[in-house]
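Novice: From the sequence below, what's the structure:
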Amino acid sequence: MDQLTLSKILMKLGDLPSLPQVTHQLVRLTEDSRANSADVSRIICQDQVLASKVLKMVNSAYYGMHRRVATISEAVTILGMKTLRTLVLGASVHKTLSSLKGRRAVNPEKIWRHSYACAVSSKLLAHKMGVLEKEQIFIAGLLHDIGKIVFNFFLPDDYAEAVRFAAAKGCSLYQAEKEVFNLTHTDIGRLVAEKWNLPSALVDPIGLHHTPLAPCENPKTVQVVYFGSILAVLAGYSEIGNNSIMLDNKMLEKWSLTYEMLHKMAEEIRGNISVDFL
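Specialist: Purely as a prediction, here's the structure:
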């Protein structure tokens, strides 16, 4: 691991904004067996920007609701507190990272578009493969590349070098990061996720989506997000316009998938991804 680059990142992580206090309150509340939906709704509504983001996510075309959800209390009733907690975490992370302003090597909107495509693809795959907790997987897909957002913001010149390397070699940004820094967005993403005390169901896919066979607490979520990210690229949603993918044959065998099946699923989302819901 490139210790100099890691040291630069660690020094700057102290400047990273905290997640909204409402988020921490909600996580604590939903761990209390005495909590009810009214308590959850009241806390979320303390932050109107966050509440509006949660409603946009609940009502997004790909989130699967059969009718429009108009209020937070209705969202809690329909989805349950556990799912709402996951949604709030996703919305909080996006809100916080989107507040970062400054020069970038990669347009952040392109990273978020890839991430949303990954979220949609991950949920689609989870549905087809009979995997439960699809909402949690959706948010894990949405947040899987937060390390790119942080890397891109704190070290834009260094990150530009990785982007140029990926373009020159025709490889993925992950491969370029390994070659240039021996440090990747998954390493940075895990640091950020742990700094914010995100649950392991999100930390694991953020840190391991490029090494899906690594041991962890949530292997199924990690592996679905791994495929979701590949599907997003195959569908044309690469943040750097490079369609290079790293497809592990062991993973195809493990999930009884083929390259053709992945292409067919990618076609289901091609041309239908927008970051407007964020």
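
Novice: can you pull out the helices in the stretch 1-150 of the chain?
Specialist: 3-13, 21-30, 37-44, 48-58, 72-79, 81-98, 108-128, 134-143, 146-154 (DSSP state H, counting those that start in this stretch).

Novice: neighbouring contacts of the first one?
Specialist: This points to helix 3-13. For helix 3-13, contacts defined as Cβ atoms under 8 Å, 6 or more residues apart in numbering pick out 150, 151, 154, 155, 158, 181, 183, 187, 188, 191, 192, 195. Every residue, glycine included, has its C-beta placed from N, CA and C.

Novice: how about the first one, what does it touch?
Specialist: With contacts taken as Cβ under 8 Å, 6+ apart, residue 150 has the following neighbours: 9, 13, 16, 97, 185, 188, 189, 192.

Novice: Show me where the stretch 101-250 of the chain dips below the pLDDT cut-off.
Specialist: Scanning the stretch 101-250 of the chain for pLDDT under 70 picks out nothing.

Novice: Now do the same for the residue of the chain most remote from its centre: its pLDDT.
Specialist: What lies farthest from the middle of the chain is residue 34; by Cα atoms, centre = their mean that is 30.4 Å. In the predicted model, residue 34 carries a pLDDT score of 85.

Novice: Could you check how far it is from residue 9?
Specialist: Using Cβ to Cβ, to the nearest Å, one obtains 40 Å as the distance from residue 34 to residue 9.

Novice: do residue 237 as well
Specialist: 26 Å.

Novice: again, but for residue 271
Specialist: Using Cβ to Cβ, one gets 35 Å for the distance from residue 271 to residue 9.

Novice: The two: which has the busier surroundings?
Specialist: Per other Cβ atoms under 10 Å, whichever of residue 271 and residue 9 has more neighbours is residue 9, with 23 against 8.

Novice: And the pLDDT for that one?
Specialist: Reported pLDDT for residue 9: 81.

Novice: and if you look at residue 269?
Specialist: 88.

Novice: now do residue 275
Specialist: The predicted local confidence for residue 275 is 69.

Novice: Equivalent analysis for residue 2, please.
Specialist: 67.
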